[in-house]
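Please work out how this folds:
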Amino acid sequence: MADNGDRPLLLLVDDDELIVESLSFALSETFEVLSAESRSAAHACLRAAPEQPKLALIDLGLPPTPHAPDEGFRLIGELFAFNPNMKVLILSGQSECRNIQHALTLGAVDFVAKPCDAGLLQSRLNHQLLLLDAEQPAKQASAVAEDILIGDSPAMATLRSLIEQFAETPFPVLVEGESGSGKELVAERLHATSSRRDEKMLTINCAAFTPELLEAQLFGHARGAFTGAEKDRTGFFEEVSDGTLFLDEVGEMPLDLQAKFLRVLENGEFYRLGETEKRRSHARIVAATNRDLRERVRDGVFRADLFHRLTVLTLSVPPLRDREGDWQVLMQRFQAQYADTMVPFVLTADAEQALAAYSFPGNVRELRNIVIRLGAKFPAGQVDAAQISTELEMDYQQLDGSIEHGAGAASDVASRLAEHGFRLDEELEDIERAYIKTALRLGSGNLSKAARLLGINRTTLYSRLARLGLDASAGDA
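Below is the predicted model of the structure:
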């Protein structure tokens, strides 16, 4: 952990000036606090920061919708675009169970309800610093190819095979995959298994810079090329030499800059900002995106010629839900990784069944955070299905098939309302029945556990079971 002479950066995002002022003071001995009052202000703060913060503490209710969590949810994903390794904690009054679970699914590592004692918050942040220290050796060891992308599923075997095939080609490789699935690890393995392994590998996130700064970072600049350019600077294309340049979030590259990037891909030529001397790049380009680039092309924000150039070779990182049991191998790896900071826990059979049925919308990042939270809550203990279900985001697809037609997206709701014979009471009863049956299944028929999962008392659950004509074995149906 960094000492007070080298305080780590902490991004604090909250529109309450009193909270920002009091927390900035309370946490100042340990952290250098950067504050912002909105998503856009947070973006500006990150772009101006001397380095990316290790931690972020954010409210969910931010302008222009301070009474809803939507802005906070969007910000969580954007923070990972700036720094995939950032630890994001939520400090919010939007503490309904569904908000907590969705924030954790998006990648947040902790949720602290307002109002919060400053000492408790300090200990939560210190714990995350310890975990960052534990992750650092694993990050350094990831240069060893066999330590990357573990898993025994056919999907991962196919991915590893394709990486081996593409490792020595001079062409760019596009890595596609959902947020949290491990795209950067794929890029690292491509580099580590190639003949360029002894050269540099540099990473730049295209979403983390303004267009002007991104261009300067990639191509370099001459002294005086723009305000603040006090001396010549080598860009990443040049600095990486014969190594690998990994461009994360390439779909966010500004349209004007894409033409210059395409020129580098085609013939290696580029110019530093403010210079007329032609330079050449010998870098191997690996790009990554969690966006549909075809859709970006259709929307006119991504060049079609650049798309075709980038997609000569494409690797698709499978989401964790398609990796057939890899969650168990990954969980063991994460428990071993954090063994110095937490005592391992053990899953009961019903907990394993609950995780096996879970879709992991947040992918490997979500699983890692689940391991961390369970290790903190149940050190050296057993974790059952009821306990683990509080860590999972239950969506309609995971519930009983009787509500697959239910209240999903707005378009689904509209189509249901348009159906002949729609009855709201019947629809709500179907949803209630599905939740109760799922809670009974996760609680192995234990009514007390099921009631806790549903957020109601045991007596209320009894009455609802009677009204719906269900019994405690309904979860097995």
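
By average pLDDT, which secondary structure element in the protein comes out worst?
Across the helices and strands of the chain, mean pLDDT, DSSP states H and E gives its lowest value to helix 410-418, namely a mean of 60.

Now the element after that one, going C-ward?
As assigned by DSSP states H and E, the chain's next helix or strand after helix 410-418 is helix 424-442.

and that next one, average pLDDT?
When pLDDT is averaged along helix 424-442, the result is 83.

Stretch 374-393 too?
91.

Provide the contact partners of the lengthiest helix in the chain at residue level.
The longest helix of the chain (DSSP state H) is helix 118-141. Here helix 118-141 makes contact (CB atoms under 8 Å, 6 or more residues apart in numbering) with 1-2, 8, 10, 22-23, 26-27, 30-31, 54-55, 57, 85, 87, 89, 91, 109-110, 112, 147, 337-338, 340-341, 372, 376. All C-beta spots, glycine's among them, are computed from the backbone N, C-alpha and C.

Now with 6 Å, please.
For helix 118-141, the external contacting residues (CB atoms under 6 Å, 6 or more residues apart in numbering) are M1, A26, K54, L55, K87, D110, D147, Q337, Y338, T341.

now do stretch 325-338
Identification of contacts with stretch 325-338 by CB under 6 Å, 6+ apart yields A134, A138, I150, G151, S153, P344, L367, R368, V371.

so where's the stretch 251-400 of the chain shaky on pLDDT?
By pLDDT under 70, the weakly predicted segments of the stretch 251-400 of the chain are 394-400.

where exactly do the helices run in it?
Counting by DSSP state H, counting those that start in this stretch, the stretch 251-400 of the chain has helices at residues 255-267, 293-298, 304-310, 326-337, 349-356, 363-377, 385-389.

With the stretch 51-200 of the chain instead?
With DSSP H, counting those that start in this stretch applied, the stretch 51-200 of the chain shows helices at 70-82, 97-106, 118-141, 154-166, 183-192, listed in chain order.

Redo those helices as JSON lines? Include distance to P318.
Shown next, in JSON lines, are these (distance: least, CB to CB, whole Å):
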{"stretch": "helix 70-82", "distance to P318": "19"}
{"stretch": "helix 97-106", "distance to P318": "18"}
{"stretch": "helix 118-141", "distance to P318": "21"}
{"stretch": "helix 154-166", "distance to P318": "4"}
{"stretch": "helix 183-192", "distance to P318": "11"}
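
Can you check which of the ones you listed gets nearest to A466?
Nearest of the helices of the stretch 51-200 of the chain to A466, taken as CB to CB: helix 97-106 at 24.9 Å.

got the buried residues for that closest one?
Using 16 or more other CB atoms under 10 Å as the test for burial, helix 97-106 gives N99, I100, Q101, H102, A103, L104, T105, L106.

so it versus helix 70-82, what angle?
If you take axes from the mean of the first three to the mean of the last three CA atoms, to 10 degrees, helix 97-106 sits at 10 degrees to helix 70-82.

so how far is helix 97-106 off the chain centroid?
Offset of helix 97-106 from its chain centre (CA atoms, centre = their mean, to the nearest Å): 13 Å.

the inter-axis angle of that helix versus helix 363-377?
Angle of helix 97-106 versus helix 363-377, following the same axes, to 10 degrees, is 120 degrees.

Show the contacting residues for F209.
With CB under 6 Å, 6+ apart as the criterion, no residue contacts F209.

That one: what secondary structure?
With DSSP: H, G, I helix; E, B strand; the rest coil as the basis, F209 sits in coil.

That one and G228: what is the separation?
Per CB to CB, to the nearest Å, F209 is found 14 Å from G228.

again, but for Y271
19 Å.

So these two - more neighbours on which side?
Y271 (17 against 9; other CB atoms under 10 Å).

rewinding a little: among the contacts of helix 118-141, which one has the lowest pLDDT?
When these are compared on pLDDT, M1 comes out lowest, with 42.

for the stretch 1-150 of the chain, which spans come out with low pLDDT?
By pLDDT under 70, the low-scoring segments of the stretch 1-150 of the chain are 1-5, 137-148.

do that again at 50, thanks
Applying pLDDT under 50 to the stretch 1-150 of the chain flags residues 1-4, 138-147.

got a list of what A357 touches?
With CB under 6 Å, 6+ apart, A357 has no contacts at all.

which residues touch stretch 374-382?
Taking CB under 6 Å, 6+ apart as the rule, stretch 374-382 contacts M342, V343, F345, V346, T348, V383.

Return the residues in contact with E37.
Contacts of E37 (CB under 6 Å, 6+ apart): D15.

what's the domain layout of this protein?
Annotated domains of the chain cover 6-141, 145-316, 326-393, 396-477 [automatic domain parsing].

ok, back up a step: show me the one of the helices of the stretch 51-200 of the chain that comes nearest E252.
helix 70-82 (7.4 Å).

Any buried residues in the closest one, and which?
When burial is assessed from 16+ other CB under 10 Å, helix 70-82 yields the following buried residues: E71, G72, F73, L75, I76, L79, F80, A81, F82.
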